[in-house]
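Chemist: predicted model and sequence below, questions to follow.
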Amino acid sequence: MDSQENTLGQEKTEERLNVAPADNGAQGDGDTAKTDNAEDTSAANETAETPSAEIDSSEQKKVYKSKKEVVERLKEIARGGDAPKKDEVDYLKTAFYKLHFAEREADMKAYVEAGGDPANYKVVPDADEEEFKAEMNVIKEKRAKIFLEQEQEKQANLKKKLDIIEKIKAMITSPDEANKSYQEFKKLQQEWKDIKLVPAEKANELWRNYQLYVEQYYDLLKLNSEAREYDFKKNLEIKTRLCEAAEKLADESDVISAFHQLQKLHQEYRETGPVAKELREEIWARFKAASTVINKRHQQHFEELRSKEEDNLTRKTALCERVEEIAKAEIKNAAEWDKKTKEIIAVQAEWKTIGFAPQKMNVKIFERFRAACDDFFGKKAEYFKSMKQQFSENAEKKKALVEQAQALQDSTDWKATSDKLIALQKEWKTIGMVPKKLGDKLWNDFLAACNHFFDARNSANAGTRNEERANLEKKRSIIEQLNALAEQPEDDIQEKVRELIDEYNSVGHVPFKEKDKLYKEYHNILDKLYKELNVSTARRRLDKFRSNLKNVAEKGGDALDNERARLMRRYEALRQEIQTYENNIGFLNASSKKGNSLIDEMNRKVQKLKDDMNLVREKIKAIDAENN
């Protein structure tokens, strides 16, 4: 019974792996059968080390360039006569969605580059995806139907094999009965070979009983040796051919193909009867040696593949974690969104360079990566949707200022209108950004209205030009005196500088075209003098403020408190204005390639506002010190 149990264990392994071991020795005498069965058990163990599932068909190796190709292949599988292979169907699913999401990303990128708003981008229903899902449902139903049919077929095959065992059992009542039924016995053996799948849980007992009664039949068989020798010779020719075929597989470049060809050779070897007793060990050793070469190559191939897939999974998991970390971060401005978007796109590009992960994790890791990317871009869309709303509000405010300026542009009330327009200009600066194209138009309209009024006012005030020329000469004279002080310092230079500054400030307007040049000359010499005196402009202004505090305090009442409250309001207004400019600078960095000069100008304004804010803070401290 030991030999029968070995054969039984081997048959169970074959059901699980679909790998057939070598010669069972079922048709020899009892001792021979035991020897062959022991060899066959080692064959089963050797084959059992190899994987049972892999992507090996030409269709699964194919690189699909379009979703249409994938769908067409699915249609072939759905409508074909063969059972759908799970590995290939999974591969097709992965290939389809890889192409599907690549198309979606490209479409969204093109939409944004064409000026579209990411927040308004909508995913258009994909007819290919609907067709893909429909074909997948057909395949799912087909596989369920085939599975049911196979289970029914296994039950029918079980019944047939049980009937064959009962018939052989009836032939072993006596040697004479065995001799008379030899031809029927051979026919039953062929029928047994032709019957394939049976329920796995019954395979063990079924094969053991079959082996037992076949051995008993041969024990009773008393045919002449010529018939036995003929069977042995014929079986030897078949097994020799199978050995040669197995040995040639060592030169097969396609490891997967060689392995599957070997399985067919094993099945044929198993179904071939015994050879002469003295040749059995030799022929089996030859076939086993050829099989070992192929099995080791196959095993090494999949160990390398599994190692590579595990490495791919590790790399893809790291990329998922990077995107998830970026998506969780709090991003506050457009420049930061632009920076993080470039990081995400770089990660997506790296993802595409990495091969498949293990089959059980390949779809899951892709879905995790896609979910993280969708989370990031969803949050980005929400941010820009909110920004778009802010832009819209800012545009309405600026449109209102344009309308007010245009309503004032023809006024001849020069002083009052000038004040109003200057107030509008100041208000304009407090309003945030709008989209560049609209912003440029609004600014040009606003500027045109202001220029229209001021040009008219200047024309009307042409008589004041002589006075402005005289003022220009006075201011130039003061500048020359300041230059002289810088070249030949005197003892009480600081006091003289202050007197000249007061005199300069008391002089009225100068011609508009000369204003900027004169301003630059004046402040250049002041900067030089203050540098030499080691006194900053801010310090000068602060000193003057402190010297005036006593006059304010002398007014009595709440004069100092009122002044402090005014400064606090000024401080808060400056702080908010700085914040507005910094937000706008961040947006310009993200959205404009031509905004460098504007950004530089805004940075200079921000620095000046910060200096003003620091001066206001020092003035508040001076008031607090005076109160104390």
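Modeler: Arrived safely, thanks for sending. None of the values given here were measured: they were computed from a predicted structure.
Chemist: alpha carbons of stretch 328-342, in PDB - could you do that?
Modeler: Output of stretch 328-342 as PDB, limited to C-alpha atoms (Å, rounded to 0.1, in the frame of the first residue of the first chain):
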ATOM      1  CA  LYS A 328      -2.300  66.700   3.200                       C
ATOM      2  CA  ALA A 329      -0.200  69.900   3.400                       C
ATOM      3  CA  GLU A 330      -1.800  73.300   3.900                       C
ATOM      4  CA  ILE A 331      -1.100  75.400   0.800                       C
ATOM      5  CA  LYS A 332      -1.900  79.100   1.100                       C
ATOM      6  CA  ASN A 333      -1.100  80.800  -2.200                       C
ATOM      7  CA  ALA A 334      -1.000  80.200  -5.900                       C
ATOM      8  CA  ALA A 335       2.800  80.100  -6.100                       C
ATOM      9  CA  GLU A 336       2.900  77.200  -3.600                       C
ATOM     10  CA  TRP A 337       0.100  75.400  -5.500                       C
ATOM     11  CA  ASP A 338       2.200  75.800  -8.700                       C
ATOM     12  CA  LYS A 339       5.300  74.400  -7.000                       C
ATOM     13  CA  LYS A 340       3.400  71.500  -5.500                       C
ATOM     14  CA  THR A 341       1.700  70.700  -8.800                       C
ATOM     15  CA  LYS A 342       5.100  70.500 -10.500                       C
END
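Chemist: and it, which residues are buried?
Modeler: Ile331, Asn333, Ala334, Ala335, Glu336, Trp337, Asp338, Lys340, Thr341 (16 or more other C-beta atoms under 10 Å). C-beta here means a position set from N, CA and C on the backbone, and glycine is covered the same way.
Chemist: now for those: which two are most distant?
Modeler: Spanning the widest gap among these are Asn333 and Thr341, at 12.8 Å by C-beta to C-beta.
Chemist: quick revisit: turn the buried residues of stretch 328-342 into JSON lines, columns for secondary structure.
Modeler: Compiled in JSON lines, the buried residues of stretch 328-342 are given as follows (DSSP: H, G, I helix; E, B strand; the rest coil):
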{"residue": "Ile331", "secondary structure": "coil"}
{"residue": "Asn333", "secondary structure": "coil"}
{"residue": "Ala334", "secondary structure": "helix"}
{"residue": "Ala335", "secondary structure": "helix"}
{"residue": "Glu336", "secondary structure": "helix"}
{"residue": "Trp337", "secondary structure": "helix"}
{"residue": "Asp338", "secondary structure": "helix"}
{"residue": "Lys340", "secondary structure": "helix"}
{"residue": "Thr341", "secondary structure": "helix"}
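Chemist: from those residues, pick the one nearest Thr412.
Modeler: Thr412 has its nearest neighbour among the buried residues of stretch 328-342 in Ala334, at 44.2 Å by C-beta to C-beta.
Chemist: I figured the closest one hits Gln390, correct?
Modeler: No - counting by C-beta atoms under 8 Å, Ala334 does not reach Gln390; the two are 11.1 Å apart.
Chemist: quickly find the element holding the residue located most distally from the centre of the chain.
Modeler: For the chain, the residue at maximal distance from the C-alpha centroid (C-alpha atoms, centre = their mean) is Asp176, at 78.0 Å. Using DSSP states H and E, the element containing Asp176 is helix 175-180.
Chemist: the following helix or strand past that helix: which residues count as buried?
Modeler: From helix 175-180 onward toward the C-terminus, using DSSP H and E, the following helix or strand is helix 182-194. Under the neighbour-count criterion of 16+ other C-beta under 10 Å, helix 182-194 has Phe185, Leu188, Gln189, Trp192 buried.
Chemist: for Asn235, see how far away the first one is.
Modeler: In other words, Phe185. Distance, Phe185 to Asn235, using C-beta to C-beta, to the nearest Å: 16 Å.
Chemist: nearest spatial neighbour of Thr417, chain-adjacent residues omitted?
Modeler: Spatially, and ignoring its direct neighbours in sequence, Thr417 is nearest to Ser411 (4.2 Å; C-beta to C-beta, 6 or more residues apart in numbering).
Chemist: who are the packing partners of the longest helix belonging to the chain?
Modeler: In the chain, taking DSSP state H as the definition, the longest helix is helix 277-328. When contacts are defined as 3 or more C-beta pairs under 8 Å, 6 or more residues apart in numbering; DSSP states H and E, helix 277-328 sits against helix 30-47, helix 225-248, helix 255-271, helix 334-352, helix 359-408.
Chemist: dump those helices to JSON lines, plus distance to Thr292.
Modeler: Putting the helices and strands packed on helix 277-328 into JSON lines (distance: least, C-beta to C-beta, whole Å) gives the following:
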{"stretch": "helix 30-47", "distance to Thr292": "6"}
{"stretch": "helix 225-248", "distance to Thr292": "10"}
{"stretch": "helix 255-271", "distance to Thr292": "10"}
{"stretch": "helix 334-352", "distance to Thr292": "40"}
{"stretch": "helix 359-408", "distance to Thr292": "27"}
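Chemist: can you list the ones you listed in CSV and add mean pLDDT and distance to Val507?
Modeler: Converted to CSV, the helices and strands packed on helix 277-328 look like this (pLDDT from 0 to 100; distance: least, C-beta to C-beta, whole Å):
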stretch, mean pLDDT, distance to Val507
helix 30-47, 33, 107
helix 225-248, 83, 109
helix 255-271, 87, 96
helix 334-352, 89, 45
helix 359-408, 86, 29
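Chemist: out of these, which is closest to Gln155?
Modeler: So among the helices and strands packed on helix 277-328, helix 255-271 is nearest, using C-beta to C-beta, at 22.3 Å.
Chemist: output the contacting helices and strands for that closest one.
Modeler: helix 225-248, helix 277-328.
Chemist: Ile493: which of the ones you listed is closest?
Modeler: Of the helices and strands packed on helix 255-271, nearest to Ile493 by C-beta to C-beta is helix 277-328, at 59.8 Å.
Chemist: can you check what angle separates the closest one from helix 255-271?
Modeler: Counting by axes from the mean of the first three to the mean of the last three C-alpha atoms, to 10 degrees, helix 277-328 points 140 degrees away from the direction of helix 255-271.
Chemist: so for helix 277-328, mean pLDDT?
Modeler: Helix 277-328 shows a mean pLDDT of 90.
Chemist: what ranges does the stretch 401-550 of the chain have for its helices?
Modeler: 414-430, 436-460, 465-487, 493-506, 512-533, 537-554 (DSSP state H, counting those that start in this stretch).
Chemist: let me have these in a markdown table, adding mean pLDDT as columns.
Modeler: Listed next are those as a markdown table, based on pLDDT from 0 to 100:
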| stretch | mean pLDDT |
| --- | --- |
| helix 414-430 | 86 |
| helix 436-460 | 84 |
| helix 465-487 | 85 |
| helix 493-506 | 79 |
| helix 512-533 | 80 |
| helix 537-554 | 67 |
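Chemist: of all those helices, which lies closest to Asn362?
Modeler: When the helices of the stretch 401-550 of the chain are compared by C-beta to C-beta, helix 436-460 sits nearest Asn362, at 44.5 Å.
Chemist: doesn't Ile431 make contact with Glu577?
Modeler: No - using C-beta under 8 Å, Glu577 is not in contact with Ile431, being 11.1 Å away.
Chemist: returning to that earlier point: so how far is the longest helix of the chain from its chain's centroid?
Modeler: 28 Å (C-alpha atoms, centre = their mean, to the nearest Å).
Chemist: list the buried residues in stretch 231-247.
Modeler: For stretch 231-247, burial by neighbour count (16+ other C-beta under 10 Å) applies to Asp231, Phe232, Asn235, Leu236, Lys239, Leu242, Cys243, Ala245, Ala246, Glu247.
Chemist: what's the neighbour count on Thr353?
Modeler: 7 (other C-beta atoms under 10 Å).
Chemist: dihedrals phi and psi, it?
Modeler: With angles defined as degrees, to the nearest 10, Thr353 sits at phi -90, psi -10.
Chemist: contacts only, for it.
Modeler: By C-beta atoms under 8 Å, 6 or more residues apart in numbering, Thr353 lies in contact with nothing.
Chemist: what about it, distance to Phe376?
Modeler: Thr353 is 20 Å from Phe376, where distance means C-beta to C-beta.
Chemist: what helix or strand is the closest residue to Leu549 other than its chain neighbours on?
Modeler: Closest residue in space to Leu549, ignoring its immediate chain neighbours: Glu626 at 5.1 Å, by C-beta to C-beta, 6+ apart. Glu626 belongs to helix 596-627 when assigned by DSSP H and E.
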